[in-house]
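Visitor: Okay, predicted coordinates and the sequence, questions at the end:
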Amino acid sequence: MLLRYLSIIGAVLAAPLLSFGQSAVTEFNNSLVRARIMGGGRIGSHPTAGTIGYFIPSGDTTSPLYSSGLWFGGTTLDGQQRAFGHLYGDPAFFSTGPLTVDGSAELAAGTAEDYDRFWTVTRAQVENHIAYYDCLSDPECDIDVAFPGGYSTPNAIVQWPAMGDVQAGQAIYLAPFIDRDADGVYDPNVGDHPCMPGDLAIYHIFNDQGSAQPTGGAMGLEVHMTIFGYWGYNGIDVGRTLFTHYRIINRSSAAYTNFRIGAFADFDLGCYSDDRIATDVERNLLYIYNASDNDANCASPGYGEQPPAFGVQVLKGPLMDPDGTDNTDTPLIPAFNGTGFNDGAIDNERHGLSATMYYNGTGVPGSGDPTNLAQYDNYLRGLWANGVPLTYGDNGYGGVTNAAFAFPGTSDPNGVGTGGVPQAPWTDGTANDRKGIASMGPITLEPGAEQEILVAYIYARATTGGAQESVAALKLASDEVAAFAMITPGLMDGSLPCMSLGTGIDGLFTRTTEPRIYPNPTQDILNIRVPKFSDRTAISILDDKGSIVMQGSLTGPSTTFDVRALTPGVYTIRMIANSNASVGRFVKH
């Protein structure tokens with residue numbers, strides 16, 4: 001008989017609970033990024049206090065982001081339109097906790113209050129927990145020596161929401177965990193533990209049964225949100241990146257066609273009134289930058305000279321509808337910036353950015369904040385709120401050529417956003433309080449079906465060269481983040497990695513044991529240090545397709561390679577000596 005491990009305890013803060021559970025507030029802080037997360041899944045400002053809540057570095061008082069979250073839109077088989085999303089905390093379209101799985105997608109009594117909280121775990125906690133139970137099961141391990149002060153399981157592990165309340169109609173399994181004794185029950189007292197990515201991770205469950213849903217808006221969606229990041233960065237921008245993974249489950253009995261997922265951001269780069277917005281189509285990046293090289297103060301504090309750039313990057317979009325084939329590469333969307341094309345695997349293709357849209361905080365009616373479900377859905381489709389298509393050029397309104405992407409600059413040389421017809425570069429020529437939507441889809445979401453996406457919040461601030469140099473630095477950072485995601489087991493291949501599997505930055509980018517590869521990333525020279533040197537060690541450098549692009553051998557404990565001729569990207573170093581193999585990776589800028 002499957003028993004439920006009770007893991008629902010209170011809210012994070014002692015604020016009064018709302019009937020739909022949106023009072024909890026927590027912070028992600030890895031000493032580089034400090035981000036406020038609200039109950040119901042929003043990131044950024046507090047809805048009532050009005051204070052901003054995203055800072056890089058973590059001790060800064062100037063912010064690149066005011067509010068961000070998810071938008072959803074789709075159509076039922078009988079033609080009913082459904083759409084809604086996060087804005088600034090009011091109206092409250094989202095609630096907390098899991099929904100029932102019988103097709104009614106109901107929020108059982110008390111569920112919102114019980115799940116109006118966050119579960120925060122660190123790599124150190126998980127690894128310590130594993131070490132303790134490994135020692136207990138090892139007759140040669142002296143527990144008093146290994147843990148002289150004893151061991152107390154952290155509350156986050158004890159209270160982990162691994163299993164739902166089946167008597168209340170919830171799914172048996174909720175948050176991912178490692179079942180050490182394989183009995184199907186989460187029990188940390190036998191060594192079971194959370195399975196989360198990164199060095200620091202926060203787990204939260206919310207749904208679309210909020211208190212202020214527009215008529216016909218709710219779709220019966222349950223969302224599992226994992227915010228995670230890494231300690232330090234050793235010169236790599238991954239440490240200054242906030243990763244957000246979403247598992248989206250259709251708990252309703254309705255099938256949705258033309259279903260789209262949008263990453264919404266009210267950027268507010270320092271002073272909010274002088275921002276410009278742009279799309280890098282190939283990088284799946286929607287970003288903001290300052291209109292001048294000096295971000296002066298306004299109603300919100302500016303960055304001053306040499307302002308940064310900031311963006312939202314889609315690392316993993318939703319799976320495309322299955323068609324039983326390995327879709328081939330094409331120069332158009334979705335293959336242009338999607339993943340899984342022409343790789344020998346069937347039905348693993350994913351959307352990248354399908355459209356981007358923007359509007360202003362001072363927008364005229366029809367081009368401002370959405371006020372009904374049709375306007376949410378229009379923005380997700382790459383239309384203005386009033387249904388007028390985004391057009392190429394000027395401010396994107398009222399032109400001749402329909403466009404899928406707002407202000408792509410030179411990032412769309414094939415014209416994938418204009419029907420395959422290349423256009424002259426198009427950039428934002430004015431400045432305002434810009435809001436943006438990075439849209440993915442369309443797909444079909446059947447009852448009970450799940451989708452997962454992974455997005456990253458990326459920041460860069462050049463030391464010289466003005467606002468445009470920060471844009472260049474942001475694109476370089478986005479390349480590093482995308483490369484990191486590709487080589488991190490579990491981030492892109494369908495299941496999140498566990499902290500216990502050694503998938504931190506050091507384990508993937510800079511080996512602290514032999515061999516040591518540095519500098520990493522590099523532009524020209526790569527050093528490979530192997531303390532236990534063997535002159536019979538053969539070295540091969542392989543590209544991301546597995547092709548050997550350079551070969552050589554160790555010339556001493558430290559060997560230098562000139563990699564200036566290599567194309568920017570992620571490379572694997574393979575060393576073989578005496579039938580033993582060692583593998584490392586590096587990023588070439």
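Guide: Yes, it's here.

Visitor: buried set for the strand or helix carrying Lys475?
Guide: With elements taken from DSSP states H and E, the one containing Lys475 is helix 467-487. For helix 467-487, the neighbour count (16 or more other CB atoms under 10 Å) marks 467, 469-471, 473-487 as buried. The C-beta positions use only the backbone N, C-alpha and C, and glycine is treated the same way.

Visitor: quick one: the residue nearest to Val570 when sequence neighbours are not counted from Val281, how far?
Guide: Nearest residue to Val570, sequence neighbours excluded (CB to CB, 6 or more residues apart in numbering): Ala483, at 4.2 Å. With distances defined as CB to CB, to the nearest Å, the gap from Ala483 to Val281 amounts to 18 Å.

Visitor: now swap in Ala477 and tell me
Guide: According to CB to CB, Ala477 and Val281 sit 17 Å apart.

Visitor: leaving aside the residues next to it on the chain, what's closest to Tyr186?
Guide: Using CB to CB, 6+ apart, the nearest residue to Tyr186 is Ala162, at 3.5 Å.

Visitor: show me what contacts that neighbour?
Guide: Taking CB atoms under 8 Å, 6 or more residues apart in numbering as the definition of contact, the neighbours of Ala162 are Tyr5, Ser7, Tyr173, Leu174, Ala175, Pro176, Phe177, Tyr186, Asp192, Pro194.

Visitor: how about a cut-off of 6 Å?
Guide: Ala175, Phe177, Tyr186 (CB atoms under 6 Å, 6 or more residues apart in numbering).

Visitor: ok, those residues vs Asn527, which is closest?
Guide: The shortest gap between Asn527 and any of the contacts of Ala162 belongs to Phe177, at 40.3 Å (CB to CB).

Visitor: separation between the closest one and Glu450?
Guide: For Phe177, the distance to Glu450 (CB to CB) stands at 17 Å.

Visitor: Give me the more crowded residue out of those two.
Guide: Just comparing Phe177 and Glu450: by other CB atoms under 10 Å the higher neighbour count belongs to Phe177, 23 against 14.

Visitor: Apart from its neighbours in sequence, what residue is nearest that one?
Guide: Phe177 sits nearest to Ala162 (CB to CB, 6+ apart), 4.4 Å away.

Visitor: got a pLDDT number for the residue nearest in space to the middle of the chain?
Guide: Averaging the C-alpha coordinates of the chain gives a centre point, and the residue nearest to it by CA atoms, centre = their mean is Val455 (2.5 Å). Val455 is assigned a predicted lDDT (pLDDT) of 98.

Visitor: likewise Leu332?
Guide: What the model reports for Leu332 is a pLDDT of 88.

Visitor: looking at it, it is touching Val416, isn't it?
Guide: Yes: contact between Leu332 and Val416 holds when scored by CB atoms under 6 Å: they sit 5.2 Å apart.

Visitor: Mind checking which of those two has more residues around it?
Guide: Val416 (25 against 13).

Visitor: just checking, what packs against the helix holding Lys475?
Guide: Secondary-structure packing of helix 467-487 (3 or more CB pairs under 6 Å, 6 or more residues apart in numbering; DSSP states H and E): strand 285-290, strand 309-316, strand 450-460, strand 580-588.

Visitor: How about residues contacting that helix?
Guide: Under the criterion CB under 6 Å, 6+ apart, residues 236-238, 241, 283, 285, 287, 289-290, 293, 307-309, 313, 315, 456, 458, 460-462, 491-492, 508, 570, 585, 587 lie in contact with helix 467-487.
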